[in-house]
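Visitor: just coords:
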């Protein structure tokens with residue numbers, strides 16, 4: 001399954017083109033599309049049953065307000081400016097924007113995301129989207145497992161910070177096609193262990209030449225990046241790239 005879905009080196013635009021535009025906004029996703037992104041990563045939280053695209057648990061960093069995201073009213077959240085006049089988008093808006101243009105890697109961030117996300121993506125599939133247009137993951141393996149039970153035709157990835165004690169067993173229990181590791185957890189031996197059972201290994205977040213060199217020398221199958229334009233020359237290659245970046249950028253989780 002992993003080889004069929006990811007036959008070549010894969011670049012995920014992390015929260016859109018978030019190195020250039022406010023993260024997780026329609027502006028950022030449009031910029032990623034303009035830069036040729038084939039996969040766009042985004043984060044989902046659910047309020048009043050509506051899947052919204054937002055990363056943090058609190059509003060401070062992105063919206064300049066105090067408070068926990070899920071404790072706010074939907075109309076209040078949709079009124080906020082999260083950068084350059086952009087509003088918090090719904091997952092439905094991003095699905096429509098990306099339709100027939102890019103695939104979406106949906107990370108379930110908040111509590112009880114799986115049912116609402118599965119319902120929305122299920123409607124998109126019923127309307128003609130391919131199940132392979134989506135890849136779903138979460139640091140909360142219970143959310144990933146629940147999503148998999150609710151919408152089994154959509155592939156899921158195993159998302160980790162650090163290296164779990166039994167990573168192959170974890171991925172198998174989720175029916176995962178990929179394993180997503182933070183860059184500091186990547187080693188050649190770990191990548192080889194996961195690839196040996198058919199998993200694709202993707203590393204986050206890769207923005208610099210040195211990080212790309214480290215990740216590709218370890219053998220990863222793709223990367224998440226805030227700067228999809230920097231990685232565009234490597235997207236779709238049948239072999240892992242030899243890095244030739246000249247720009248620099250910060251590493252984010």
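Guide: Yep, that arrived. Since the structure is predicted, the reported quantities are computational estimates derived from the model, not experimental observations.
Visitor: what are the ranges of the strands in the chain?
Guide: Taking DSSP state E as the criterion, the chain carries its strands at 10-14, 39-47, 50-53, 103-108, 134-137, 157-160, 178-182, 200-204, 222-225.
Visitor: now the first one: how far from the chain's centre is it?
Guide: In this view, strand 10-14 has its centroid 8 Å away from the chain centroid, taken as Cα atoms, centre = their mean, to the nearest Å.
Visitor: one more: the longest one?
Guide: Using Cα atoms, centre = their mean, we find the averaged C-alpha position of strand 39-47 to lie 7 Å away from the chain's own average C-alpha position.
Visitor: can you pull out the residues in contact with that strand?
Guide: Residues outside strand 39-47 that contact it (Cβ atoms under 8 Å, 6 or more residues apart in numbering) are 10-16, 24, 29, 32-33, 51-55, 69-70, 72-74, 77, 91, 94, 98, 102-110, 112-113, 116-117, 135, 224. All C-beta spots, glycine's among them, are computed from the backbone N, C-alpha and C.
Visitor: could you redo the last one with a cut-off of 7 Å?
Guide: Residues outside strand 39-47 that contact it (Cβ atoms under 7 Å, 6 or more residues apart in numbering): 10-16, 24, 29, 32, 51-55, 69-70, 72, 74, 77, 91, 94, 98, 102-110, 112-113, 116-117, 224.
Visitor: quick revisit: just name the most buried of the strands of the chain.
Guide: Among the strands of the chain, ranked by average contacts under mean count of other Cβ atoms under 10 Å, first place goes to strand 10-14 (a mean of 29).
Visitor: any idea of the angle that one forms with strand 178-182?
Guide: 50 degrees (axes from the mean of the first three to the mean of the last three Cα atoms, to 10 degrees).
Visitor: determine the set of other helices and strands touching strand 10-14.
Guide: Other helices and strands packing on strand 10-14, by 3 or more Cβ pairs under 7 Å, 6 or more residues apart in numbering; DSSP states H and E, are strand 39-47, strand 200-204, strand 222-225, helix 228-231.
Visitor: can you list the strands that it pairs with?
Guide: Applying DSSP bridges, strand 10-14 is found paired with strand 39-47 (parallel), strand 222-225 (parallel).
Visitor: can you put those strands in JSON lines and add mean pLDDT and distance to residue 194?
Guide: Converted to JSON lines, these look like this (pLDDT from 0 to 100; distance: least, Cβ to Cβ, whole Å):
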{"stretch": "strand 39-47", "mean pLDDT": "98", "distance to residue 194": "19"}
{"stretch": "strand 222-225", "mean pLDDT": "98", "distance to residue 194": "13"}
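Visitor: low-scoring stretches of the chain, by residue?
Guide: Residue ranges of the chain with pLDDT under 70: 1, 239-253.
Visitor: who are the contact partners of residue 109?
Guide: Going by Cβ under 7 Å, 6+ apart, the list of residues near residue 109 reads 43, 44, 45, 55.
Visitor: please identify which of these is nearest to residue 149.
Guide: residue 44 (17.6 Å; Cβ to Cβ).
Visitor: relative to residue 31, how far out is the nearest residue to that closest one once chain neighbours are set aside?
Guide: Closest residue to residue 44 apart from its sequence neighbours, by Cβ to Cβ, 6 or more residues apart in numbering: residue 51 at 4.9 Å. Taking Cβ to Cβ, to the nearest Å as the measure, residue 51 and residue 31 are separated by 22 Å.
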